[in-house]
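1. Quick one, structure for this:
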Amino acid sequence: MDKVQLGSSHLNVSKICLGTMTWGEQNTEAEAHSQLDYAIERGINFIDTAEMYPVMTRAETQGATERYIGSWLKKSGRRDQLVIATKAAGPNASISWLRGGRARNFDAANLKAAVETSLKRLQIEHIDLYQLHWPSRNVPIFGNNVFNPKQERAGVAIEETLAALGELVKEGKIGAIGVSNESCWGVSEFIKQSEINGLPRIATIQNLYNLTARHYETSLLDETCYRENVSLLAYSPLAFGQLTGKYIDDPAAHGRLTIFPANWSPRYVRPATVEAARRYVQLAREHGLTPAQLALAWCYSRWFVASTIIGATSLEQLQANIDAYSIVLSLDVIKQIDQIHAEITNPGQ
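-> Numbers count the residues shown, from 1 in each chain. Have a look, this model is predicted:
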């Protein structure tokens, strides 16, 4: 498994990152441990989680994912072999119970509480990569793709957040830092404030990227991150399973898009997204590939993707997703992918 350095940090991670957000909801602790065992056997050293996991987030299950990772780390003794990344949740009224009802923002008190509870659940003393799950300020994310000034809200200033993270770095509780679901302006402002104030510099951005959601390429994020040396961690490369073809073959197939409410992930069930997925599925099969192989091999091959975050609910899925790393798409297939994208542009954004 190839490795890559994240930004200007000291972290060298596998080009595939094991995502964990189903653990504690769709996966048991034993299944989570089996996935960790298998991923390490295949050369993956990068694990991504979040304080709010598993999804769908509920007070009854919140934190289970980190606890499962923690119990495996304690049992396996393999902490030193892994790069552990987790995330702090931002403002969201639907998770008012998180952190004991705190304001859930990125001020010093909240970040300290979030880090310390994650460390406890993970049963470790240091988080290698600590990320802000979504911005404190008003930004169109999670399927909302139009900025609306009328939705402005009070947010924690970026320099204040960086200062708080800097203190946690000094304490040895976290190492590198990153953002998630961020915009071009946000990345630029984080860099600017770190340089002006001598504060930690972001190493990564974890954003949506897949065949139906290529906004990263055209939002100036690719150039900004390239020039500022911020590494992209691509999440949802299979569009919640839509790009595997299982919902094209059977709209009632068991998975996140059928077991969770439709309004939880509307971008993946939009008619245009379904049509784009249908065409990508057809393209894959015409070339002797599974739809998942096409989607993942394409994402793995993008020059600006540092590491692709994959998740699975079974070992068979995990094996297939990792195996896709060895597939090289022909120029003709890539040309046809781009043609579909030109005709149905970013429906899953």
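2. Could you measure from the residue of the chain most remote from its centre over to Cys299?
-> The C-alpha centroid of the chain is most remote from Glu286, which lies 29.9 Å away (C-alpha atoms, centre = their mean). Per C-beta to C-beta, to the nearest Å, Glu286 is found 19 Å from Cys299. Backbone N, C-alpha and C define where each C-beta goes, glycine included.
3. got the residue ranges for the strands in the stretch 201-349 of the chain?
-> Taking DSSP state E, counting those that start in this stretch to define them, one finds strands in the stretch 201-349 of the chain at 202-208, 231-235, 305-310.
4. With mean pLDDT and mean neighbour count as added columns, please give these in a markdown table.
-> Conversion of these to a markdown table gives the following (pLDDT from 0 to 100; neighbours: other C-beta atoms under 10 Å):
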| stretch | mean pLDDT | mean neighbour count |
| --- | --- | --- |
| strand 202-208 | 98 | 25 |
| strand 231-235 | 98 | 24 |
| strand 305-310 | 98 | 24 |
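5. Turn these into a markdown table, including distance to Ala108.
-> A markdown table is the format used below for these (distance: least, C-beta to C-beta, whole Å):
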| stretch | distance to Ala108 |
| --- | --- |
| strand 202-208 | 18 |
| strand 231-235 | 25 |
| strand 305-310 | 28 |
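6. For Ile344, which of these is the nearest?
-> strand 202-208 (16.4 Å; C-beta to C-beta).
7. Please export the C-alpha coordinates of that closest one as CSV.
-> Output in CSV follows, covering the C-alpha atoms of strand 202-208 (Å, rounded to 0.1, in the frame of the first residue of the first chain):
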residue,chain,number,x,y,z
ILE,A,202,-3.9,22.9,8.8
ALA,A,203,-2.5,19.8,7.1
THR,A,204,-5.7,18.4,5.6
ILE,A,205,-9.2,19.0,4.4
GLN,A,206,-11.7,16.1,4.5
ASN,A,207,-14.3,16.9,1.9
LEU,A,208,-16.9,15.1,-0.2
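8. quick one: it to strand 231-235, angle?
-> 30 degrees (axes from the mean of the first three to the mean of the last three C-alpha atoms, to 10 degrees).
9. what residue ranges in this protein score low on pLDDT?
-> 101-103 (pLDDT under 70).
10. And the helices in it, which stretches?
-> Assigned by DSSP state H, the helices in the chain fall at 29-41, 64-76, 108-122, 158-170, 184-197, 215-218, 221-228, 246-249, 256-259, 271-286, 291-301, 315-323, 331-343.
11. Point out the most buried one among those.
-> helix 291-301 (a mean of 23; mean count of other C-beta atoms under 10 Å).
12. which residues are in contact with it?
-> Residues outside helix 291-301 that contact it (C-beta atoms under 8 Å, 6 or more residues apart in numbering) are 15-16, 209-211, 234, 237-239, 243-245, 248, 277, 280-281, 283-285, 287, 289, 305, 308, 310, 320-321, 323-325, 327-329, 333-334, 337.
13. Which residue is the nearest non-sequential neighbour of Ser314?
-> Glu31 (7.9 Å; C-beta to C-beta, 6 or more residues apart in numbering).
14. residue nearest the centroid of this structure?
-> Tyr235 (3.8 Å).
15. surely it meets Asn207?
-> Yes - assessed by C-beta atoms under 8 Å, Tyr235 is found in contact with Asn207 at 7.0 Å.
16. shared neighbours of those two, which are they?
-> Going by C-beta under 8 Å, 6+ apart, residues that sit against Tyr235 and also against Asn207 are Ser180.
17. Next, the contact list for Leu11, please.
-> Gln5, Val83, Asp128, Leu129, Gly175, Ala176, Ala203.
18. how about 7 Å then?
-> Leu11 sits next to Gln5, Val83, Asp128, Leu129, Ala176 when contact means C-beta atoms under 7 Å, 6 or more residues apart in numbering.
19. how close does it get to Glu159?
-> Distance from Leu11 to Glu159, by C-beta to C-beta: 24 Å.
20. And for His341?
-> 38 Å.
21. picking that back up, distance to Ser96 added to the helices of the chain, as JSON lines?
-> Listed next are the helices of the chain as JSON lines, based on distance: least, C-beta to C-beta, whole Å:
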{"stretch": "helix 29-41", "distance to Ser96": "27"}
{"stretch": "helix 64-76", "distance to Ser96": "19"}
{"stretch": "helix 108-122", "distance to Ser96": "13"}
{"stretch": "helix 158-170", "distance to Ser96": "21"}
{"stretch": "helix 184-197", "distance to Ser96": "24"}
{"stretch": "helix 215-218", "distance to Ser96": "30"}
{"stretch": "helix 221-228", "distance to Ser96": "31"}
{"stretch": "helix 246-249", "distance to Ser96": "32"}
{"stretch": "helix 256-259", "distance to Ser96": "23"}
{"stretch": "helix 271-286", "distance to Ser96": "30"}
{"stretch": "helix 291-301", "distance to Ser96": "35"}
{"stretch": "helix 315-323", "distance to Ser96": "34"}
{"stretch": "helix 331-343", "distance to Ser96": "39"}
